[in-house]
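Undergrad: When you get a sec, could you give me coordinates for this:
(one chain, ligands or ions: 1)
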Amino acid sequence: MSFMRKPFVAGNWKMNTNSHASAELVKAIASKAPAIAEGSVHVAVFPPFVYLQNVVKAINSSGIAVGAQDIYYEKEGAFTGEISALMLKDIGCTYALCGHSERRHVIGETDELINKKVTATIMSGLLPILCVGELREEREASKTEEVVTRQIRKGLAGLSAEKVSAITIAYEPVWAIGTGLTATPQQAQEVHVLIRKLLEQMYDAKLAEETRILYGGSAKPSNAAELMGQKDIDGLLVGGASLKADDFAAMIQSAV
Ligand code: PGA
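TA: Take a look at the predicted model:
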């Protein structure tokens, strides 16, 4: 198993916490999850932009990485309200989410825009987590494979195998995000296999084998171990449960 496929547990805080709570949360996670300091699991948190520096300071040398929930694909210039990948790298971020389902379905981001963001993220030296996943009606219409294939093909368009080796993919069925409805380990594993096969078709077997693929969607302490026990599930992208230090730490510990 490659370095990239070391278990990875990521916490997407979305539009939550405040300046005090963000620092306290990351410190509590570090103290409650010894696996982080032992180096047996990769852990990253994704606070809101305005608390990133706060959290970067608070993590100190705990081993937790920090990422941004989004980026804008231009380097700098007249893009009011936007934040570039270079700026995020500059303040100590390691990762950036690209194409999270809320960006796709609430904010209205397209596959083309997400492709630009993935590309800019890699070019800046940040590591992207490309999020994909089908809506409930798409699953019910047996379109999961079609949708996930389109999101990955378009999301990675124009990128060489070397560039794509920096990417983590997160499979997050939209019907499972924030709903309490988790995909069964078998449902998740099935789509992870499909993603690996697609990467093999698009690139090669080595890249497909080495790419880290996370599951996300109502992951919690009670289902974390079983999900991560699936052969092709390398970790979790956690929303709600990542805001509770005890729950998130328990999920990190169950990754090892
Ligand atoms: P959830 O969110 O764990 O609250 O379902 C997951 C995500 O949106 O990344």
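
Undergrad: and the gap between the residue in the stretch 151-256 of the chain positioned nearest to the ligand and I91?
TA: Residue of the stretch 151-256 of the chain nearest the ligand, by CB to the nearest ligand atom: G239 (2.2 Å). The way it works is simple: take the backbone N, C-alpha and C, and place the C-beta from them, glycine included. As for G239, its distance to I91 is 23 Å (criterion: CB to CB, to the nearest Å).

Undergrad: Tell me which of those two has more neighbours.
TA: Set G239 next to I91 and count neighbours by other CB atoms under 10 Å: G239 wins out with 22 against 14.

Undergrad: ok, now which ones touch the more buried one?
TA: Each residue near G239 by CB atoms under 8 Å, 6 or more residues apart in numbering is listed here: N12, K14, I177, G178, G216.

Undergrad: Compute the number of surrounding residues for the closest residue to the first one other than its chain neighbours.
TA: Closest residue in space to N12, ignoring its immediate chain neighbours: F46 at 4.7 Å, by CB to CB, 6 or more residues apart in numbering. Taking other CB under 10 Å as the neighbour definition, F46 ends up with a count of 27.

Undergrad: same question, G216
TA: 27.

Undergrad: Equivalent analysis for P7, please.
TA: Number of residues near P7 (other CB under 10 Å) recorded here: 21.

Undergrad: Q189 now?
TA: 19.

Undergrad: helix/strand/coil for it?
TA: helix (DSSP: H, G, I helix; E, B strand; the rest coil).

Undergrad: still on that earlier bit, okay, the residue of the stretch 151-256 of the chain closest to the ligand and K143: tell me how far apart.
TA: Counting by CB to CB - G239 and K143 are separated by 24 Å.

Undergrad: hang on, the earlier thing: the contacts of G239 also near the ligand: which ones?
TA: Subset of the contacts of G239 in contact with the ligand: N12, I177, G178, G216, counting by CB under 6 Å from any ligand atom.

Undergrad: Hmm, the first one is touching A96, no?
TA: No. The pair N12 and A96 does not pass the contact test of CB atoms under 8 Å, sitting 11.4 Å apart.

Undergrad: what is in contact with the two at once?
TA: Q69.

Undergrad: Spatially nearest residue to I59 (excluding sequence neighbours)?
TA: V26 (5.4 Å).

Undergrad: How is the one you found assigned, secondary-structure-wise?
TA: Going by three-state DSSP: V26 is helix.

Undergrad: List the contacts of it.
TA: V45, P47, V55, A58, I59, S62, I64.

Undergrad: rerun at 10 Å
TA: Counting by CB atoms under 10 Å, 6 or more residues apart in numbering, V26 makes contact with 11, 13, 17, 43, 45, 47, 51, 54-60, 62, 64, 66, 245, 248.

Undergrad: Give me the distance between it and A224.
TA: Counting by CB to CB, the gap from V26 to A224 is 19 Å.

Undergrad: again with A205
TA: Per CB to CB, A205 is found 29 Å from A224.
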